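here's a sequence, model it:
(2 chains)
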Amino acid sequence: MASITMDNLCKVYIGGVKAVSDVNLDIADGEMIVLVGPSGCGKSTLLRMVAGLETISDGTLKIGDRVVNNLEPADRDIAMVFQNYALYPHMTVFNNLAYGLKNRGFKKAEIDRRVREAAQMLEIGQFLDRKPRQLSGGQRQRVAMGRALVREPAAFLFDEPLSNLDAKLRVQMRVEIRQLQKRLRTTSLYVTHDQLEALTMADRLVVLNAGRIEQVGTPMELYSRPATTFVAGFIGSPAMNMLPAEYLKTLVSADDLAHLPQSADLIGIRPEDLSLAPPKEGEMALTGELMLLEPAGAESHLHLKLAGLKDIFVARLPQVPDVSEGTALTFSLRRDQLHPFDSASGQRVA
Amino acid sequence: MQTKRMTFSRSWLPYALLAPQVIITLIFFIWPSFQALRQSVYRQGDAFGIRPPQFVWFQNFQALFADPLYLNSLKVTAVFAIGTTLLSMSVALLFAVMVNRMIRSRDTYTTFLVWPYAIAPAIAGVLWWFIFNPSIGIMPYMLDMVGYNWNHRRDGNDAMIMVIIASAWRQISYNFLFFLAGLAAIPQSLIEAAAIDGASRMKRFWTIVFPLLSPITFFLLVINIVYAMFDTFGVIHATTEGGPAQATNILVYKVYRDGFVNLNFGSSAAQSVVLMGIVIVLTVIQFRYIERRVNY
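Coordinates of the predicted model:
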């Protein structure tokens, strides 16, 4: 177990493409950090730099107290779970788990003990004699986890480990990985593009965009106070509505926006902060024409057309309201739930 | 696999379309094979028809396996085939592994390494004949500098080494392409996982890459043995002509020598039949095991 410290990490590919720029991140011992961002944002590259599979162009990377910039992957005391599992197809499950231990010269009895312990923990004990191709996707995923577990490394690295599973299995494995991680208290770095996975699993979340860190924080911090328009748009589903402040002034009274700073020219409104109840004290009203009602069982998404606005405005309600498309609806919203941004810098201003 | 079914409106058309291939097979494969089979159980008559060909059962085969020259040829063929196969496959694998590591120069190297395959075996033979020529060749000249007196016209081992190199050279290209394709098919993440699992470069190769290449290796093994045994006539003919003292007289070459030079048709035909048997066995092995003897 160890902490991981990234100090101004950079990755520049031959030809000058900057995949990761100036990443600073301290991961505490036993913490689960999720790297999240759209594809191509550099999250996998960053993970592979920690693993030692990509060279580090600039900056320092420490695992524990050791600078590991120039260490081979094998010497960094990390274990990785790959997206395609990367199980050795010609070896049995037992040998897949034992391979890393054999290479490190562990005694036979110790290897046997660790493999069986991990297999029991992951409920793959009855598959130890099988080859990977004889296993289902979920079972392969467990074997891949097992291969990381037996090593008892300082840190786990996960590279989108659940994206090859079907939706149901993904939820199940998500819970299991998180429970296992909490039990073992092993420092973990987890890469995903799925924001739900990110929000549910992380101790702290790192949102990456174009190779840079947009924001670091607990899932709830990022959700309730996104630091940039990018994070605001990325975290939360449906995505946050963004309205120009100038436009919003034409819809609501001046009092409603008085508490916001002058520089706030872009206002974010979360779809789930809207309600159909009449406005009370401290609340403001917004009216729009219902274009489309999407019932989703326990909740519903309402696509609205606001007067004079090109983009569709979305509201999310915790029930399916009895309204018909084409009617005008008035929503109420607490004034302190507005997210003010400066559109030029993309930064939150209050 | 789904088979496509084609319906012809005229019933003779499919036969007409198949006919060229069938005729070629009949004339160039079936008929000569039959001739060889027939001739192998006859003692040939004389050129004037005074003594007609005589049916002798398996006497030709008995004589063959009692002949020390033929037994020697079997041994020579085994050494030659194994030598050629090992040399061409190991060098090809080495090249493939090295080229596989390259990024930008990969295509260039691949192109160059494949070129020798376009050269006819006889030309390759002549090429190596020049290189190894004891009087004018560069290799004997260089070997002489380190104190080795090369003469494949006198020394059977030298001759064997030369024909093995000359035969393997061309085959390296072929094997290289297969190995390169095989290496490209191994997911990079497997190698990375092994690297994280603490395996050194060599260990990764022998415990991960090589086992995963085994289907291709096995396939090439059969192909190369068949090549060395049957396709190297041109190389032998252009370099050593089976000599010195039968040291490189492999089975195919002996068939030619005994039949067309020494005009011993009965023995030559019997030798052809033995070769046919070997081809059949190798083909069966290939079809039987190529699908199954896959390592994973």
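
who's in contact with the residue in the stretch 101-250 of chain A positioned nearest to chain B?
Closest contact between the stretch 101-250 of chain A and chain B, by Cβ to the nearest Cβ, is at A:Asn103 (3.9 Å). Where C-beta positions appear, they are placed from N, C-alpha and C, glycine not excepted. For A:Asn103, the contacting residues are A:Ala74, B:Asp197, B:Gly198, B:Ala199, B:Lys203, by Cβ atoms under 8 Å, 6 or more residues apart in numbering or on different chains.

out of these, which is most surrounded?
Among these, the one with the most neighbours (other Cβ atoms under 10 Å in any protein chain shown) is B:Asp197, at 28 neighbours.

and the residue lying closest to that residue once chain neighbours are set aside, what's its pLDDT?
The shortest distance from B:Asp197 to any non-neighbouring residue, by Cβ to Cβ, 6 or more residues apart in numbering or on different chains, is to A:Gly100 (3.5 Å). As predicted, A:Gly100 sits at a pLDDT of 92.

count of neighbours near the closest residue to B:Pro140 other than its chain neighbours?
Counting by Cβ to Cβ, 6+ apart, B:Pro140 lies nearest to B:Trp150, which is 4.0 Å off, once chain neighbours are set aside. Counted by other Cβ under 10 Å, the residues lying close to B:Trp150 total 20.

B:Trp150 against B:Pro134, yeah?
Yes. B:Trp150 is in contact with B:Pro134 according to Cβ atoms under 8 Å; the separation is 6.3 Å.

could you chop chain A up by domain?
Using automatic domain parsing, the domains assigned to chain A come out as A:4-233, A:240-341.

pick the most deeply packed of those.
Ranked by mean neighbour count under mean count of other Cβ atoms under 10 Å in any protein chain shown, the domains of chain A are led by domain A:4-233, which reaches a mean of 19.

end to end, how far does it reach?
One end of domain A:4-233 sits 28 Å from the other (Cα to Cα, to the nearest Å).

how about low-confidence regions in chain B?
Counting by pLDDT under 70, chain B shows low-confidence ranges at B:1-4, B:45, B:47, B:49, B:290-296.

what are the ranges of the helices in it?
In chain B, the helices defined using DSSP state H lie at B:12-25, B:31-39, B:59-66, B:68-101, B:106-114, B:121-132, B:138-145, B:156-184, B:188-196, B:201-204, B:210-230, B:233-239, B:251-256, B:265-290.

also the stretch 51-200 of chain A?
Secondary structure of the stretch 51-200 of chain A (DSSP state H, counting those that start in this stretch): helices located at A:93-103, A:108-121, A:137-150, A:167-184, A:195-201.

for B:Tyr256, find the nearest of those.
Across these, B:Tyr256 has its closest neighbour in helix A:93-103 (51.1 Å, Cβ to Cβ).

for the nearest residue to B:Asn157 once chain neighbours are set aside, give its distance to A:Ile312.
Spatially, and ignoring its direct neighbours in sequence, B:Asn157 is nearest to B:Ala247 (7.5 Å; Cβ to Cβ, 6+ apart). For B:Ala247, the distance to A:Ile312 equals 87 Å [Cβ to Cβ, to the nearest Å].

now A:Arg114
For A:Arg114, the distance to A:Ile312 equals 55 Å [Cβ to Cβ].

got it, and B:Gly242?
Relative to A:Ile312, and taking Cβ to Cβ, B:Gly242 is found at 86 Å.

related to what we said a few turns ago, which of the helices of the stretch 51-200 of chain A sits closest to B:Lys254?
Of all the helices of the stretch 51-200 of chain A, helix A:93-103 sits nearest to B:Lys254, with 48.3 Å by Cβ to Cβ.

give me the angle between the closest one and helix A:137-150.
Counting by axes from the mean of the first three to the mean of the last three Cα atoms, to 10 degrees, helix A:93-103 lies at 20 degrees to helix A:137-150.

pretty sure B:Ile196 contacts A:Ala79?
Yes. Proximity of B:Ile196 to A:Ala79 meets the contact threshold set by Cβ under 8 Å, at 6.6 Å.

anything in contact with each of those two?
Contacts common to B:Ile196 and A:Ala79, judged by Cβ under 8 Å, 6+ apart, are A:Gly100.

pLDDT-wise, which helix or strand of chain A ranks last?
Lowest mean confidence among the helices and strands of chain A (mean pLDDT, DSSP states H and E): helix A:254-257, at a mean of 80.

from B:Val279, how far off is the most centrally placed residue in chain B?
With distances taken as Cα atoms, centre = their mean, B:Tyr227 lies nearest the centre of chain B, 1.4 Å away. Plainly put, B:Tyr227 is 12 Å away from B:Val279 if you go by Cβ to Cβ.

show me what contacts the residue nearest to A:Arg114 when sequence neighbours are not counted?
Spatial nearest neighbour of A:Arg114, chain neighbours left out: A:Val150 (4.6 Å); criterion: Cβ to Cβ, 6+ apart. The neighbours of A:Val150, taking Cβ under 8 Å, 6+ apart as the test, are A:Leu97, A:Ala98, A:Gly100, A:Leu101, A:Arg114, A:Val115, A:Glu117, A:Ala118.

re earlier: got TSV for the contacts of A:Asn103, with distance to A:Gly288 too?
Supplementary listing: these in TSV, determined by distance: Cβ to Cβ, whole Å:
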residue	distance to A:Gly288
A:Ala74	59
B:Asp197	57
B:Gly198	60
B:Ala199	61
B:Lys203	65
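
contact residues of the stretch 101-250 of chain A facing chain B?
Residues of the stretch 101-250 of chain A lying near chain B by Cβ under 8 Å from any Cβ of the partner chain: A:Asn103, A:Arg104, A:Lys131, A:Arg133, A:Arg147, A:Arg151.

who are the contact partners of the closest residue to the first one other than its chain neighbours?
On the basis of Cβ to Cβ, 6+ apart, the spatially nearest residue to A:Asn103 that is not a chain neighbour turns out to be B:Gly198, at 3.9 Å. Counting by Cβ under 8 Å, 6+ apart, B:Gly198 touches A:Ala74, A:Gly100, A:Asn103, A:Arg104.

measure B:Gly198 to A:Ala2 for me?
17 Å.

which strands or helices does the longest strand along chain A pack on?
With residue count as the measure and DSSP state E as the assignment, chain A has strand A:283-295 as its longest strand. Here strand A:283-295 touches strand A:300-305, strand A:328-334, going by 3 or more Cβ pairs under 8 Å, 6 or more residues apart in numbering or on different chains; DSSP states H and E.

return that strand as PDB; C-alpha atoms alone will do.
Coordinates of the C-alpha atoms in strand A:283-295 are reproduced here as PDB (Å, rounded to 0.1, in the frame of the first residue of the first chain):
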ATOM      1  CA  GLU A 283     -37.500  30.700  -5.700                       C
ATOM      2  CA  MET A 284     -37.800  31.900  -9.200                       C
ATOM      3  CA  ALA A 285     -40.100  30.900 -12.100                       C
ATOM      4  CA  LEU A 286     -39.300  29.700 -15.600                       C
ATOM      5  CA  THR A 287     -41.900  29.100 -18.300                       C
ATOM      6  CA  GLY A 288     -41.500  27.000 -21.400                       C
ATOM      7  CA  GLU A 289     -43.500  25.100 -24.000                       C
ATOM      8  CA  LEU A 290     -43.300  21.300 -23.600                       C
ATOM      9  CA  MET A 291     -41.900  19.800 -26.800                       C
ATOM     10  CA  LEU A 292     -41.400  16.200 -25.800                       C
ATOM     11  CA  LEU A 293     -42.200  14.200 -22.600                       C
ATOM     12  CA  GLU A 294     -39.800  11.200 -22.000                       C
ATOM     13  CA  PRO A 295     -41.300   9.000 -19.300                       C
END
